[in-house]
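Visitor: test case, fold it:
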Amino acid sequence: MAFWDYANPTRFLKLVQVVLPWLTGLCVLASAAGLYMSFFIAPEDYQQGQTVRIMYIHVPAAWLSMMCYSIMAVSSLGTLVWKHPLADVSAKAAAPIGAAFTFMALVTGSLWGKPMWGTYWVWDARLTSVLVLLIMYLGLMTLWRTMEDPIKAGKAAAVLTLVGALNLPVIKFSVDWWNTLHQPASVMRMDGPTIHPDILWPLLVMAVAFTLLFFVLHLMAMRNEIMRRRVRTLRLRAASAAHPRSAVATAQPAE
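Guide: Below is the predicted model of the structure:
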């Protein structure tokens, strides 16, 4: 089947029914392996001690906060450019998940930063831009809730999402563009990671676990949103059938 075949909600729901159990199982296995490697195999840092283990939650959460918004940006293009029927469903379903990962990244970063920096928060370029990302997520969620028509809400949210996507390169390159307290990139580098393999491998396994968790939650949220819209459509049809005269009177101008 082609990609556009799954634009049909019924076919998409059938795909979710098949894929979701496998993704859930893989997520559980990866999470168990990652947590065991992070807390029982990975060594403590010679400077940070046991507090370095916060990294195995903080860094994947930060990665997923950006990946989730990137998926929302692509979905927004699908809404505005390609008119894909499920694009705005994908974007709306991803927003609360991305907000949760971003909040997790900020909280764990504050807990990790306290013993290293001596404070829970500084108006660092990286921290501030991630806070802006969280505000963007919350703003988009609010926009979807304030507009009753999901189609109009999806188009408005798509425009706002694409504007907010300008913040993603700021988050990524803030440690390179400005002198900040936040450490520079140590995993995704052109010359290779600078982290010792004993620390790098648990971190990568946790990143895979977080990614699988995102897709599990995203598919479940998309499924729920499709069902929610179907229920809304049935209610509107029932209301229209129960009051046909008022519907006609509303549609026609008064003489």
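Visitor: how about Leu13, secondary structure?
Guide: The three-state label for Leu13, taken from DSSP: H, G, I helix; E, B strand; the rest coil, comes out as helix.
Visitor: show the contacting residues for it.
Guide: 223, 226 (Cβ atoms under 8 Å, 6 or more residues apart in numbering). Placement of C-beta: from N, CA and C, glycine included.
Visitor: how close does it get to Leu23?
Guide: 15 Å (Cβ to Cβ, to the nearest Å).
Visitor: what does Arg230 give?
Guide: Arg230 is 23 Å from Leu23, by Cβ to Cβ.
Visitor: of the two, which one has the most company?
Guide: Leu23 (18 against 12; other Cβ atoms under 10 Å).
Visitor: my read is that that one contacts Leu219, right?
Guide: Yes - between Leu23 and Leu219 there is a contact at 7.1 Å, judged by Cβ atoms under 8 Å.
Visitor: any figure for the gap between His218 and Phe39?
Guide: 27 Å.
Visitor: same check on Leu26?
Guide: Taking Cβ to Cβ, one finds Leu26 at 20 Å from Phe39.
Visitor: looking at these two, which is more packed in?
Guide: Neighbour comparison, Leu26 and Phe39: the larger count goes to Leu26, with 15 against 12 (by other Cβ under 10 Å).
Visitor: what strand or helix carries that one?
Guide: helix 9-36 (DSSP states H and E).
Visitor: now that helix: average pLDDT?
Guide: Summarised as a single mean, pLDDT over helix 9-36 is 95.
Visitor: and the helix or strand that comes right after it, how far out from the chain middle?
Guide: Later in the chain than helix 9-36, the nearest helix or strand by DSSP H and E is helix 55-80. Put simply, helix 55-80 sits 5 Å off its chain's centre (Cα atoms, centre = their mean, to the nearest Å).
Visitor: same check on stretch 25-32?
Guide: 19 Å.
Visitor: buried ones in that stretch?
Guide: Going by neighbour count (16 or more other Cβ atoms under 10 Å), the buried part of stretch 25-32 is 27, 30-31.
Visitor: where in the stretch 101-250 of the chain is pLDDT low?
Guide: The stretch 101-250 of the chain contains residues with pLDDT under 70 at 176-194, 244-250.
Visitor: rerun that using 80 as the cut-off
Guide: For the stretch 101-250 of the chain, the stretches with pLDDT under 80 are 116-117, 174-196, 243-250.
Visitor: so Gln20 makes contact with Phe215?
Guide: Just to correct that, residue 20 is Leu rather than Gln. No - counting by Cβ under 8 Å, Leu20 stays clear of Phe215, with 9.2 Å between them.
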